[in-house]
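In: let me see the structure of the following:
(chains A and B)
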Amino acid sequence: MVAEIGHFALVLALALALVQSVMPIVGARRGDPALMAAASPIATAQLAFVGLSFAALTYAYLVSDFSVANVYENSHSLKPLIYKITGVWGNHEGSMLLWVLILALFGWSVAAFGQNLPASLKANVLGVQGWITVAFLGFILATSNPFARLSPAPFEGQDLNPILQDIGLAIHPPLLYLGYVGFSISFAFAVAALIEGRIDAAWARWVRPWTLAAWVFLTAGIAMGSYWAYYELGWGGWWFWDPVENASFMPWLAGTALLHSAVVMEKRNALKIWTVLLAILTFSLSLLGTFLVRSGVLTSVHAFATDPARGVFILAILCVFIGGGLSLFALRASQLSQGGVFAPVSREGALVFNNIILTASCATVLVGTLYPLVLEALTGEKISVGAPFFNLTFGPLMIPLMLAVPFGPYLAWKRGDLLGASQRLMAAFAAAIAAALMAWYLTEGGPVLAVLGIGLAAWLIVGAISELVSRARFADVGLAIGWRRLAGLPRSAYGTAVAHAGLGVMILGIVGVTSLQVENILVMKQGQTATIGRYEVTFDSAETRRGPNYTELVAHMTARKDGVVVAKMDPAKRLYTARQMPTTEASIVTHGVSQLYVTLGEESERTDQLVVRMFDKPLVTLIWIGALVMMAGGILSLSDRRLRVGAPTPARHTPAAPVAAE
Amino acid sequence: MRHPLRAVLLAIGLVLAAIGPALAVQPGERLQDPALEARARALSAEIRCMVCQNQSIDDSDAQLAKDLRVLVRERLSAGDDDDAVRDFLVARYGEFVLLKPRFEGHTLILWLAAPVLVAVGALASFLAWRRRARVAADGRLSAEEEAALARVLSEDQRGMP
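Out: Below you'll find the predicted structure:
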């Protein structure tokens, strides 16, 4: 009964979405306030119905109702409660339902927090949101019904894929989807602007918080996924340039570009057309990411062809939204007016540079991800595009971008002074040289990558901080007033500095683990001690154990540094019984910002002799700490009064007069 | 074994260990010469394990990956240079085995996408800037804009009572 209620609620939500996708837009056309105002309650009701549906599926999981096919296929009565809940979105149907739930949540947020939006813009935005909801609800109901019943009902479920039974991966999809779907708001605003044929700086101010929020979530989702792969997959890598990773990385790159171009639009009323295009592209890449992961096209072009219903449906959604968005753009973009003029060396110029590089790097990832698929589909030729390709093409694009990042905030709007900015960056430059020399000294003339990379990281971090300090003008106004000036800087200035410094922290982690990692692969006998970096690891014993839904072989080891016990380590290999699926549980000890990483390899006949793979991974945690710092920057910027959703606009920020289309 | 349960668990553990994911690069595979081994590792990272999902033979636990790792080391020990090893593998398994495709006719777009896009972006920005700068510099309107202005003004006058 509950499953049927959930199913019916979805149908009702679709009906509402159909209304939402037509009525407000017609209202905006005709200037009918009643039709326009209807969008908000509809969006709210839609959230209620989709929420009810999601709750129904969650209930089916909680009570292990195996008469629901989805629950049978992905759950098990013995599964821990937390994974019963997260199992709801650990599968295709449930994850699409989560996608739509988040979409409804964002639609409702626009309705609830967008009181100060012009009525017609709000109506159009909600209307476009309605189109997206219709498409995805239609997809779920037509091809991926999570409430399908089984008769007779099986006694026991097939369990969730064990590598998904992990808290990291449990919260990874919701974060990722909050990011993907968050960009639907930017998309809806862009399309609404094109429909209305007008766009102004105020538009950018409404779009920025949504884009920022989506970006923060997407950053969190990607970082979470990366850390999960690092500790769960068991070979210690943190980024594999896997198509699934690329699928989430592309919207991130485009979204980062969008954040920056929206700044130009807001402050200087320039780059409007480009910003609208980026908003469309960013959401298009989010849709593409969903398509790539959900259609099975990545595993093989043939897998897609054998079960085409879902793939073709998503492909159709993709074509309609990307094609439609871009066509509308081509038709209407010329009506959007041009904005302010700026010199090549200026804040705007720096942000254009940022956009060129980010867009090109995003395109590189896109081409690299899709090229083998397209080539195989067209010519039947199979090639691989893997990590070495991306490192070689993506890496070199990042270096000029990183070098340029500290310059950006130092350049004035309209016309900047490159020489002056360079002089004010002397401190950062000196810090970079000092850091590089120190790295060179500490690694005893170690890898060039480490020396240059650490210099680059210092350049980014000190460059970001020094910009804040220089804005306080301590030298001119003295310490006391300087402090007050520093405290009085807008949150968004802090946001920029923190996010850019976070990038530097992340670079430090990447460089550290890439160039300074130490590895030791060996056969260990019980009682044997092995050296890894600055540590000695002793293999004490091994045993087999039984967990709630798995059995495992676990080794007990002791890590020592200079003879002092630092940590007990228990790397394990598990076998999830229901699916007969093995997993590797790495044992990780964090010391400072570095980690000691131990996994078990292929075992010999005796349990007192194991193959062990150990890594000393210097600075590795900085990769994810850097991501957290970047997110903190995003959140700081989001909390800036200027962007606070629903906050009254201060008088001095009177929006520029809307620029009419003709 | 005093505890039967323990024996069962141990047996399960052994089976589990036997079928479980082994780890890449086993101790026995490594070459004595560290320079040669380093080359083998670097090369292995560029060779795809063809039965895996986007894994290099250096990372993979599959039997095929192990065979290829041993093969790469054999070729290197026999004195092949890196390209010769790649050629050997491509001749046997096709282009699919290379994680970094070669720069050839059918991978032209793949390799050139990034540099071409940067160039196009830079050129487009430059042209847009020059056009706008010229308009801003002479402060005059283009013929097109004059026409548009005249049209708007005349419409305004017509609209007046």
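In: distance of the closest residue to chain B within the stretch 51-200 of chain A from A:A377?
Out: Closest residue of the stretch 51-200 of chain A to chain B, C-beta to the nearest C-beta: A:I163 (10.6 Å). To be clear about C-beta, it is placed using only N, CA and C from the backbone, and glycine gets the same treatment. Separation of A:I163 from A:A377 (C-beta to C-beta, to the nearest Å): 29 Å.
In: buried ones in stretch A:632-644?
Out: A:A632, A:G633, A:G634, A:I635, A:L636, A:S637, A:L638, A:D640, A:R642, A:L643 (16 or more other C-beta atoms under 10 Å in any protein chain shown).
In: can you tell me which residues contact the second one?
Out: Looking back up the chat, that one is A:G633. If you count contacts by C-beta atoms under 8 Å, 6 or more residues apart in numbering or on different chains, A:G633 has them with A:Y494, A:G495, A:T496, A:A497, A:V498, A:A499, A:H500, A:A501, A:G502.
In: restricted to strands, list these.
Out: Nothing among the contacts of A:G633 maps onto strands, per DSSP state E.
In: reformat those residues as a markdown table; add pLDDT.
Out: Output for the contacts of A:G633, formatted as a markdown table (pLDDT from 0 to 100):
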| residue | pLDDT |
| --- | --- |
| A:Y494 | 93 |
| A:G495 | 94 |
| A:T496 | 94 |
| A:A497 | 95 |
| A:V498 | 96 |
| A:A499 | 96 |
| A:H500 | 96 |
| A:A501 | 96 |
| A:G502 | 97 |
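In: as JSON lines, the residues you listed with distance to chain B and neighbour count would be great.
Out: What follows is these, written out as JSON lines (distance: C-beta to the nearest C-beta, whole Å; neighbours: other C-beta atoms under 10 Å in any protein chain shown):
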{"residue": "A:Y494", "distance to chain B": "29", "neighbour count": "18"}
{"residue": "A:G495", "distance to chain B": "26", "neighbour count": "22"}
{"residue": "A:T496", "distance to chain B": "22", "neighbour count": "22"}
{"residue": "A:A497", "distance to chain B": "26", "neighbour count": "24"}
{"residue": "A:V498", "distance to chain B": "28", "neighbour count": "23"}
{"residue": "A:A499", "distance to chain B": "23", "neighbour count": "25"}
{"residue": "A:H500", "distance to chain B": "22", "neighbour count": "23"}
{"residue": "A:A501", "distance to chain B": "26", "neighbour count": "26"}
{"residue": "A:G502", "distance to chain B": "25", "neighbour count": "25"}
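In: and those residues, which two are the farthest apart?
Out: A:Y494 and A:G502 (12.0 Å; C-beta to C-beta).
In: point me to the residue of the stretch 301-450 of chain A nearest chain B.
Out: A:G386 (3.1 Å).
In: so that residue touches A:P243, yeah?
Out: No: using C-beta atoms under 8 Å, A:G386 is not in contact with A:P243, being 10.0 Å away.
In: now the host helix or strand of A:L403: buried residues?
Out: A:L403 is located in helix A:387-404, with elements delineated by DSSP states H and E. Of all the residues in helix A:387-404, those buried under the rule 16+ other C-beta under 10 Å are A:A387, A:P388, A:F389, A:F390, A:T393, A:F394, A:L397, A:L401, A:M402.
In: could you export it as PDB, CA atoms only?
Out: Extracted in PDB, the C-alpha atoms of helix A:387-404 (Å, rounded to 0.1, in the frame of the first residue of the first chain):
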ATOM      1  CA  ALA A 387      45.100   9.100 -16.700                       C
ATOM      2  CA  PRO A 388      48.400   9.600 -18.600                       C
ATOM      3  CA  PHE A 389      46.500  11.500 -21.400                       C
ATOM      4  CA  PHE A 390      44.700  13.800 -18.900                       C
ATOM      5  CA  ASN A 391      47.800  14.500 -16.900                       C
ATOM      6  CA  LEU A 392      49.500  15.500 -20.000                       C
ATOM      7  CA  THR A 393      46.800  17.800 -21.400                       C
ATOM      8  CA  PHE A 394      45.000  19.000 -18.300                       C
ATOM      9  CA  GLY A 395      48.100  19.600 -16.200                       C
ATOM     10  CA  PRO A 396      49.800  22.200 -18.500                       C
ATOM     11  CA  LEU A 397      46.600  24.200 -18.700                       C
ATOM     12  CA  MET A 398      46.500  24.500 -14.900                       C
ATOM     13  CA  ILE A 399      50.000  25.900 -14.500                       C
ATOM     14  CA  PRO A 400      49.400  29.300 -16.200                       C
ATOM     15  CA  LEU A 401      46.000  29.500 -14.400                       C
ATOM     16  CA  MET A 402      47.600  28.900 -11.000                       C
ATOM     17  CA  LEU A 403      50.300  31.400 -11.700                       C
ATOM     18  CA  ALA A 404      47.700  34.000 -12.600                       C
END
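In: immediately after that helix, which helix or strand?
Out: In N-to-C order, the element after helix A:387-404 by DSSP H and E is helix A:407-410.
In: who does that following helix touch, helix- and strand-wise?
Out: Judged by 3 or more C-beta pairs under 8 Å, 6 or more residues apart in numbering or on different chains; DSSP states H and E, the packing partners of helix A:407-410 are helix A:347-379, helix A:418-424, helix A:448-472, helix A:491-516.
In: mind doing that once more with 7 Å?
Out: Applying 3 or more C-beta pairs under 7 Å, 6 or more residues apart in numbering or on different chains; DSSP states H and E, one finds that helix A:407-410 contacts helix A:347-379, helix A:418-424.
In: give me the element A:W252 is part of.
Out: Secondary structure from DSSP H and E places A:W252 in helix A:243-268.
In: what angle do that helix and helix A:491-516 make?
Out: Interaxial angle, helix A:243-268 versus helix A:491-516 (axes from the mean of the first three to the mean of the last three C-alpha atoms, to 10 degrees): 150 degrees.
In: pick the one among the contacts of A:G633 closest to A:S75.
Out: The closest of the contacts of A:G633 to A:S75 turns out to be A:G502 (C-beta to C-beta; 38.0 Å).
In: tally of neighbours for the residue lying closest to that closest one once chain neighbours are set aside?
Out: Spatially, and ignoring its direct neighbours in sequence, A:G502 is nearest to A:V629 (3.1 Å; C-beta to C-beta, 6 or more residues apart in numbering or on different chains). Neighbour count of A:V629, defined by other C-beta atoms under 10 Å in any protein chain shown: 21.
In: circling back: please identify the most buried of the helices and strands packed on helix A:407-410.
Out: Among those, helix A:347-379 has the highest mean neighbour count (mean count of other C-beta atoms under 10 Å in any protein chain shown), at a mean of 21.
In: please name every helix or strand in contact with it.
Out: Helices and strands touching helix A:347-379, by 3+ C-beta pairs under 7 Å, 6+ apart, are helix A:243-268, helix A:301-306, helix A:387-404, helix A:407-410, helix B:108-138.
In: lowest average confidence across the ones you listed, which one?
Out: Mean pLDDT per stretch puts helix A:301-306 lowest among the helices and strands packed on helix A:347-379, at a mean of 55.
In: tell me how far the helix or strand just after that helix lies from the chain's centre.
Out: Downstream of helix A:301-306, the first helix or strand assigned by DSSP H and E is helix A:308-318. Relative to the centre of its chain, helix A:308-318 is centred 23 Å away, using C-alpha atoms, centre = their mean, to the nearest Å.
In: show me which positions of helix A:308-318 end up buried.
Out: Neighbour count says helix A:308-318 has A:R310, A:G311, A:F313, A:I314, A:I317, A:L318 buried, by 16+ other C-beta under 10 Å.
In: packing partners for that helix?
Out: Where contact means 3+ C-beta pairs under 7 Å, 6+ apart, helix A:308-318 is packed against helix A:119-143, helix A:272-295.
In: quick one, it and helix A:272-295 angle?
Out: Using the same axes, to 10 degrees: helix A:308-318 against helix A:272-295 is 170 degrees.
In: got the CA coordinates for helix A:308-318 in CSV?
Out: This file holds the C-alpha atoms of helix A:308-318, laid out as CSV (Å, rounded to 0.1, in the frame of the first residue of the first chain):
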residue,chain,number,x,y,z
PRO,A,308,18.4,1.3,-24.8
ALA,A,309,15.1,2.4,-23.2
ARG,A,310,16.7,4.4,-20.4
GLY,A,311,19.6,5.6,-22.4
VAL,A,312,17.5,6.8,-25.2
PHE,A,313,15.2,8.6,-22.9
ILE,A,314,18.0,10.4,-21.1
LEU,A,315,19.6,11.1,-24.5
ALA,A,316,16.3,12.7,-25.5
ILE,A,317,16.3,14.8,-22.3
LEU,A,318,19.8,15.8,-23.1
